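# Make a model of this:
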Amino acid sequence: MKIQELSQMTGVSAKTIRYYEEVGLLPAPSRAENNYRQYSEQDVERLRLVAGARRLDLSLDDIQEILALRDHREAPCRVLLERMEQKADEIAERIHALQRLEGELHALHTLGLTFPVDDVDGKNCVCHLVSEHTAKE
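Predicted coordinates:
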């Protein structure tokens, strides 16, 4: 099958497929007489794994490790499970940080509403609050 067919079957753009080949996630495809890339069902399966792992926000390095295990006929399941748990923990940390930021924004907004909004110099207004907030970090 040609690259456009592979793209349609997997939902991965042709540009991304070429990039995955360039970085080694996908093997270089065979070529037809007209030099068009030719893909197999194995390429479809591999690309679906790559695309699924990317949708889970796994890094290209993590995916390469998983694929290398498969290529060496070793089950990558434990590694994949570990990476998914790590990713879930990272997301939980980001959510917590975003919730803290949301609280800070609401508090600064509420306080900022008590200040004048016409201070061009920014000495006695919400701009001063934001400047002071940045200086604390």
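
# so how many other residues sit close to the closest residue to M1 other than its chain neighbours?
Computed as CB to CB, 6 or more residues apart in numbering, the closest residue to M1 that is not its neighbour in sequence is Y39, at 5.0 Å. (C-beta placed from N, C-alpha, C; glycine too.) Y39 has 22 neighbouring residues, counting by other CB atoms under 10 Å.

# Can you tell me which helix or strand of the chain has the lowest average pLDDT?
helix 126-136 (a mean of 73; mean pLDDT, DSSP states H and E).

# Could I get the CA-only coordinates of it as CSV?
What follows is helix 126-136 as a C-alpha-only set of coordinates in CSV (Å, rounded to 0.1, in the frame of the first residue of the first chain):
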residue,chain,number,x,y,z
VAL,A,126,-3.0,45.1,39.6
CYS,A,127,0.1,45.4,37.4
HIS,A,128,2.1,46.0,40.6
LEU,A,129,0.6,42.9,42.2
VAL,A,130,1.6,40.8,39.2
SER,A,131,5.1,42.3,39.3
GLU,A,132,5.5,41.5,43.0
HIS,A,133,4.1,38.0,42.5
THR,A,134,6.8,37.3,39.9
ALA,A,135,9.5,38.7,42.2
LYS,A,136,8.6,36.1,44.8
